[in-house]
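Novice: here's my sequence, what's the structure:
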Amino acid sequence: MVTPEQIWADADLPARRLAGLALNPSAPESVLLRLLLEAPLAVRMVLCRDRALPEAIADAVIQHPDTRTRGFFARNPHADPAQRARLVDDPEWSVRAHLAEGPRVTTPRGPGRCPTGLSST
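Specialist: Residues are numbered from 1 along each chain as shown. This is a model prediction of the structure:
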């Protein structure tokens, strides 16, 4: 199974630029809908996983034919829980499993170690 990290690593520059557009909070719904319907998987991943979605876009995601796209939305920590809960009856077990796991919360990296040879005094 391909991980989100592999999906992103395999994305070309145009897809990464479109992913940036997908994250833009001022992008109109028509643009977001077009990205959802026509963009590569990496763009759909970012759109469905890494931002809050307007209700019309969430409706389209829930009806999207790609299981992975719906699975990304099921783990979206920015989505309204009521939007995510609409996936509870999804026909694919993997989407329901992602929903059961709860939102994907990434923990920030802790502070690194001091380089050797430096002292705090």
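Novice: any figure for the gap between the most centrally placed residue in the chain and residue 11?
Specialist: Ranked by distance to the mean C-alpha position of the chain (C-alpha atoms, centre = their mean), the top residue is residue 49 at 1.6 Å. From residue 49 over to residue 11 the distance is 14 Å, taken as C-beta to C-beta, to the nearest Å. Just so you know, the C-beta spots here come from the backbone N, C-alpha and C atoms, and that holds for glycine as well.
Novice: can you get me a residue count around the closest residue to residue 57 other than its chain neighbours?
Specialist: In space, and not counting its chain neighbours, residue 57 is closest to residue 32: 5.0 Å by C-beta to C-beta, 6 or more residues apart in numbering. Neighbour count for residue 32, taken as other C-beta atoms under 10 Å: 22.
Novice: and the one 10 residues further on, by the same measure?
Specialist: When neighbours are counted by other C-beta under 10 Å, residue 42 registers 21.
Novice: and for residue 10?
Specialist: Residue 10 has 12 neighbouring residues, counting by other C-beta under 10 Å.
Novice: check contacts around it.
Specialist: residue 42 (C-beta atoms under 8 Å, 6 or more residues apart in numbering).
Novice: distance between whichever strand or helix holds residue 22 and the chain's centre?
Specialist: Residue 22 is part of helix 13-23, with elements assigned from DSSP states H and E. Distance, stretch centre to chain centre, for helix 13-23: 13 Å (C-alpha atoms, centre = their mean, to the nearest Å).
Novice: elements contacting it?
Specialist: Contacts defined by 3 or more C-beta pairs under 8 Å, 6 or more residues apart in numbering; DSSP states H and E place helix 13-23 against helix 29-38, helix 41-49.
Novice: if we use 10 Å, what do you get?
Specialist: Using 3 or more C-beta pairs under 10 Å, 6 or more residues apart in numbering; DSSP states H and E, the elements in contact with helix 13-23 are helix 4-10, helix 29-38, helix 41-49.
Novice: for these, give me JSON lines that also has mean pLDDT and distance to residue 71.
Specialist: Below are the helices and strands packed on helix 13-23 laid out as JSON lines (pLDDT from 0 to 100; distance: least, C-beta to C-beta, whole Å):
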{"stretch": "helix 4-10", "mean pLDDT": "95", "distance to residue 71": "10"}
{"stretch": "helix 29-38", "mean pLDDT": "97", "distance to residue 71": "14"}
{"stretch": "helix 41-49", "mean pLDDT": "97", "distance to residue 71": "9"}
